[in-house]
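Colleague: task: produce atomic coordinates for the following.
(one chain, ligands or ions: 1)
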Amino acid sequence: MTLKTYKKLRTKSLNDHPKMLAKARNLYNEWVRLYHSNSDGYCKCVTCGKIMYYKGGDCQAGHFWHTLDFVSDNQHAQCKRCNTHLHGNLIEYAIFMIKKYGEQRVQELKLMKNLGHKYSCEELRIMCKAYRQAISKQKKKRGIT
Ligand SMILES: [Zn+2]
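Modeller: Model (predicted):
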């Protein structure tokens, strides 16, 4: 590979990265909402108890620790009001997290959040493929097309 080709590929990769990260997040969020839905595709907001369909705008995949992505026990179905307008409704979210996973796991997630990780384009491509398969599996389980 020539230096010119290498630079061109590197630039393309840098330009593609934000789009790929957004794509991976969207797919992952859809999987979270589906995974936490019942056999009809309905979810319960973990912080207020509102029942909503897994897609259509009101149901979101809310983070407990905001900068920790792609960790299943850090994201759950939340209604738009709790996730967006109440900024995660974090007091209720903390009560839910400690009750469901225990204080030790919540502290572990905090450490993971602080470590951070920058995914490469190749990692994101692999993740997108895996999330598409996982979404398809969850949809099939519920008879959703
Ligand atoms: Zn809610």
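Colleague: just give the nearest non-adjacent residue to residue 125, would you?
Modeller: Nearest in space to residue 125, with sequence neighbours left out and distances taken as Cβ to Cβ, 6 or more residues apart in numbering, is residue 20 at 6.9 Å. (Each C-beta comes from the backbone N, C-alpha and C, glycine too.)
Colleague: report the distance from the strand or helix carrying that neighbour to the chain centre.
Modeller: Element membership of residue 20 [criterion: DSSP states H and E] is helix 3-35. On the basis of Cα atoms, centre = their mean, to the nearest Å, helix 3-35 sits 15 Å off its chain's mean C-alpha point.
Colleague: just checking, what packs against that helix?
Modeller: Counting contacts by 3 or more Cβ pairs under 8 Å, 6 or more residues apart in numbering; DSSP states H and E, helix 3-35 is packed against strand 59-63, strand 75-79, helix 121-142.
Colleague: so which of the ones you listed gets nearest the ion?
Modeller: strand 75-79 (3.4 Å; Cβ to the ion).
Colleague: what about whatever helix or strand comes next after the closest one, near the ion?
Modeller: Downstream of strand 75-79, the first helix or strand assigned by DSSP H and E is helix 80. No - Helix 80 stays clear of the ion (Cβ under 5 Å from the ion), getting no nearer than 8.0 Å.
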